[in-house]
Each structure stands twice: as C-alpha cells, then as structure tokens.
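[1] Provide a 3D model corresponding to the input given below.
(one chain, ligands or ions: 1)
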Amino acid sequence: MPVEVALGFVWVCLGANPPPPPSEVWAPVLEELAPYRFDELVPTQPLYLEEWAVDWKIAMDNYLESYHVPIGHPGLNRLFTPDYEDQRGIPGIARGISWMREAPSPRWSERVYQKHVAEVTAPHLPEAQRRSWRFYSCLPNLGIDIMPEQMDFFQVLPRGPGRCVIRGAAFGLPDERREMRLIRWLGNRINMQVNTEDRLLCERLQRGLRDSAYRPGPLSQIETWMLEFHDLLRARIPEVSLPHPPARLA
Ligand SMILES: [Fe+2]
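    Below is the predicted model of the structure:
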C-alpha cells in the first residue's frame, strides 16, 4: 500500500493504481510553503465532519474559483483585496493568494484581527506571509487553507447524489500566548462565516440544477481550474460526458 509523509501529513492510497506521490504533486509550491513549517504543527481544533446537501462536485467547484468572493463572502472581501493571485501551470493544484487590505474593516472582530495578526505572527513568519491568506485546492477533492496564525485542510467526500461530507481539521505551531489564542479565535470566526456562506451558496446551486432553465458551464474563462477538474472527471468517469457538451471558451 503506497504511503508517504509529505507536508506534515501521512498520505495513504488505498487504490490499486496510485496517482503521482504527494511530494511530486506539491513540489512546485513546497518552497513557498516552507515558512509555515508544516512538519512542526500541532492540532488547534479537533477533526470535524459536516454533512452538506450537495453533490461533492458542486462543493469542489466552489473551491476552484475565487471570483465569487466579492459577492459570496462579504466579510472576507472587507478584509482582503479581490485580486486573488492564481498561479497556473501547476498540474492538479489551484492556488489563490489574497492580501489584507490597509483600510480597517467596519466590524470590530475583523478589525482587531486585521490590526494585530502581523505582529502576533511575527516570531514565526517572514513579513510577506503575515498579511496574506493562501488557498490551495488539489484535485480531485482536497483543500489546504493557510492563514498566518494557523492552517487547515479539508476533504470533500462523496456520500451519494446530493450529499457529501466535508472532513477537516486545523493546525498551528505550538504557541499558547494569549494574543495568539485571540488571533486564532478571530481567524476561526471569520473562516466559519466563510464556510457557512459557501455551504448556502452550494445548496442554492444544487437546487438550481433541477431547474428547467439550468444550462451547464463554463461561464467564464477564469473558471480554468473548474475546467481542469471537469476534464479529469470526464476522463475518469466517461459516463458523465454530455452527448452535446457546451462549447469551450477560447
Ligand atoms: Fe467560497
């Protein structure tokens, strides 16, 4: 059974034909992840399981584009600029980096986080990483979010038509300072709101699939990673291909 330790996680493949090893898939971004010292992290929150009333593909689609952020995540948009830096040319991994705004948020909890996160994480992180959130999605169903004060992973697990489970956990460097506990609490508060918003967006989208007005995408050229995801699904599960697929955007 193929097993590998990479990025501080133990990766186990139960399938007969293992995909390329994680250390190879993630190799193009290992250098930028190094300052976060994944190998030294400890759990900051217990593992969680959340049932979503959506197809797993819908949930994963949501994590593969960031242009829904200004509309779908007002809190995140108050804190971060919408010009997510997407890096292309990393096969199998979608990356978004967002930078904290200078203008203070009108919400007190966001404003406290915004004001203090850089100084609280200064002992651990180089300057450039202290004011950015980074989102990595690895096809077909894994996400890694990196904040200055902690990181989390999540998996989107299929549970049948219209049902999936989100399984994840958060980790941080050992640090019991009161100010770090506060920053992690505030960061979690922001993140939990984003998670709730994503769930509602996906459930609405799931309901929309049953509408007679529904037409499949792609809707935009910036759905690059969704297109790669859908190509992967069609390659692995030919039955999902439409007899007359919509035209691809140039
Ligand atoms: Fe989202």
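[2] what ranges do the strands span in this structure?
    3-6, 9-12, 42-52, 85-86, 93-99, 132-138, 142-146, 151-158, 164-172 (DSSP state E).
[3] Would you mind giving these as a markdown table with mean neighbour count added?
    For glycine as for every other residue, the C-beta is placed from the backbone atoms N, C-alpha and C. Compiled in a markdown table, the strands of the chain are given as follows (neighbours: other Cβ atoms under 10 Å):
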| stretch | mean neighbour count |
| --- | --- |
| strand 3-6 | 13 |
| strand 9-12 | 13 |
| strand 42-52 | 12 |
| strand 85-86 | 15 |
| strand 93-99 | 20 |
| strand 132-138 | 21 |
| strand 142-146 | 21 |
| strand 151-158 | 19 |
| strand 164-172 | 19 |
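[4] a markdown table for those, including mean pLDDT and distance to residue 123?
    A markdown table is the format used below for these (pLDDT from 0 to 100; distance: least, Cβ to Cβ, whole Å):
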| stretch | mean pLDDT | distance to residue 123 |
| --- | --- | --- |
| strand 3-6 | 94 | 26 |
| strand 9-12 | 94 | 24 |
| strand 42-52 | 96 | 16 |
| strand 85-86 | 67 | 26 |
| strand 93-99 | 88 | 21 |
| strand 132-138 | 93 | 17 |
| strand 142-146 | 96 | 17 |
| strand 151-158 | 97 | 17 |
| strand 164-172 | 97 | 13 |
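[5] is it possible to export these to a markdown table including distance to residue 29?
    Converted to a markdown table, the strands of the chain look like this (distance: least, Cβ to Cβ, whole Å):
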| stretch | distance to residue 29 |
| --- | --- |
| strand 3-6 | 12 |
| strand 9-12 | 14 |
| strand 42-52 | 22 |
| strand 85-86 | 12 |
| strand 93-99 | 7 |
| strand 132-138 | 7 |
| strand 142-146 | 10 |
| strand 151-158 | 13 |
| strand 164-172 | 17 |
